[in-house]
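Visitor: Sequence plus the predicted model coming up.
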Amino acid sequence: MSAETSLPISHRQRLWLYGLGGLVLLFLIAPSVIIVIMSFSGSTLLQFPPEQWSLRWYESYFGSVEWRDATIVSVKVAVMTMIVATPLGTAAAYAINIGTLRMTGAINALLTASLIIPVILIGIGTFFLYARIGLNNTLTGLVIAHTVQALPLVVLTVLSGLRSYDMNQEKVARSLGANRFSAFRQVTMPQIRFSIVSGALFAFITSFDEVVVSLFISGGETTTLTRRMFNALRDQIDPTIAAISTCLIVLSIVLLSAAQIFGRGR
């Protein structure tokens, strides 16, 4: 290898790469920034840049019974989805990792299929299935549907943690008399808890932000926040949507930041 090819690349030579990366990030972040700015507009229409600044649309959101009830429904469904999807996804990831099941690859593909199938198809199929068994417009139906969408994220997140974990530690615990569940709970789980917590947060965010499936299977008293936002945006362009979107953006950032801080502390 020549001396020229072995020299490290300087930051000056990478300026074009940094600039390209900055433009991509700006392109991805710009829509969210515009929404946040419009949420503080005093106009009755979505306007950018705002001519007047006001908090009236945040007051409209927090003071509305309809928006409050929809938010409560979304929080309930998201919490229950997280509670259901996290242990199921953790157990599935553990089974896939140790490879004791037959057709592990097929099972893994089945669990992650909802990431590949278009969400609109999942929504249509879920609607017709629930119409037969009477789960449309119910919290139970929403939790099941959202769990199907959140489960792959939990599986992949926990599986990545298990892949970097030495399973011999659990084998040592089992050789000393602990059963498989006790060995997992006392030895494995404390060391992959960051992956489990991250998977749980992904499940919560996935459920809370889900809109397509909710359009088909929720309604009435079980109308989610995202469905009500879609209906409001379709019927009238209300800046309250921008205020709610800003709250959702802040919530997502806070949860993901908390997960990162928790993982760094551990």
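Guide: Structure's in. What do you need? Residues are numbered from 1 along each chain as shown.

Visitor: Any stretches of the chain with poor pLDDT?
Guide: For the chain, applying pLDDT under 70 flags the ranges 1-13, 47, 100-105, 170, 235-236, 262-266.

Visitor: how about the helices of it, start to end?
Guide: Shown for the chain, the helices assigned by DSSP state H span residues 3-6, 15-38, 56-62, 65-98, 104-111, 119-133, 139-163, 168-175, 180-183, 189-191, 193-209, 212-217, 225-235, 240-265.

Visitor: I'd like the ones you listed as CSV, with mean neighbour count and distance to Pro49 appended.
Guide: Just so you know, the C-beta spots here come from the backbone N, C-alpha and C atoms, and that holds for glycine as well. What follows is those, written out as CSV (neighbours: other CB atoms under 10 Å; distance: least, CB to CB, whole Å):
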stretch, mean neighbour count, distance to Pro49
helix 3-6, 6, 50
helix 15-38, 12, 7
helix 56-62, 17, 16
helix 65-98, 19, 25
helix 104-111, 14, 45
helix 119-133, 14, 33
helix 139-163, 22, 36
helix 168-175, 14, 57
helix 180-183, 14, 58
helix 189-191, 14, 49
helix 193-209, 22, 26
helix 212-217, 22, 31
helix 225-235, 17, 20
helix 240-265, 15, 13
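
Visitor: could I get the ones you listed as CSV with distance to Phe48?
Guide: Shown next, in CSV, are those (distance: least, CB to CB, whole Å):
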stretch, distance to Phe48
helix 3-6, 49
helix 15-38, 5
helix 56-62, 14
helix 65-98, 22
helix 104-111, 41
helix 119-133, 28
helix 139-163, 32
helix 168-175, 55
helix 180-183, 55
helix 189-191, 47
helix 193-209, 23
helix 212-217, 26
helix 225-235, 16
helix 240-265, 9
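
Visitor: Among those, which comes closest to Leu45?
Guide: Nearest to Leu45 among the helices of the chain is helix 15-38; the distance by CB to CB comes to 9.6 Å.

Visitor: helices or strands up against the closest one?
Guide: helix 240-265 (3 or more CB pairs under 8 Å, 6 or more residues apart in numbering; DSSP states H and E).

Visitor: quick check: angle from the helix it packs on to helix 225-235?
Guide: With axes from the mean of the first three to the mean of the last three CA atoms, to 10 degrees applied, the angle from helix 240-265 to helix 225-235 works out at 150 degrees.

Visitor: and the angle from helix 240-265 to helix 65-98?
Guide: In terms of direction (the same axes, to 10 degrees), helix 240-265 departs from helix 65-98 by 30 degrees.

Visitor: starting at the chain centroid, how far to helix 240-265?
Guide: Distance, stretch centre to chain centre, for helix 240-265: 11 Å (CA atoms, centre = their mean, to the nearest Å).

Visitor: One more: stretch 110-126?
Guide: 16 Å.

Visitor: heads up, I number from 26, so please use that
Guide: Got it, the first residue is 26 from now on, which makes the last one we talked about stretch 135-151.

Visitor: how long is that stretch from one end to the other?
Guide: 17 Å (CA to CA, to the nearest Å).

Visitor: With Ile145 as the reference, measure out to Thr115.
Guide: 29 Å (CB to CB, to the nearest Å).

Visitor: actually Ala103, sorry about that
Guide: Using CB to CB, we find Ala103 at a distance of 21 Å from Ile145.
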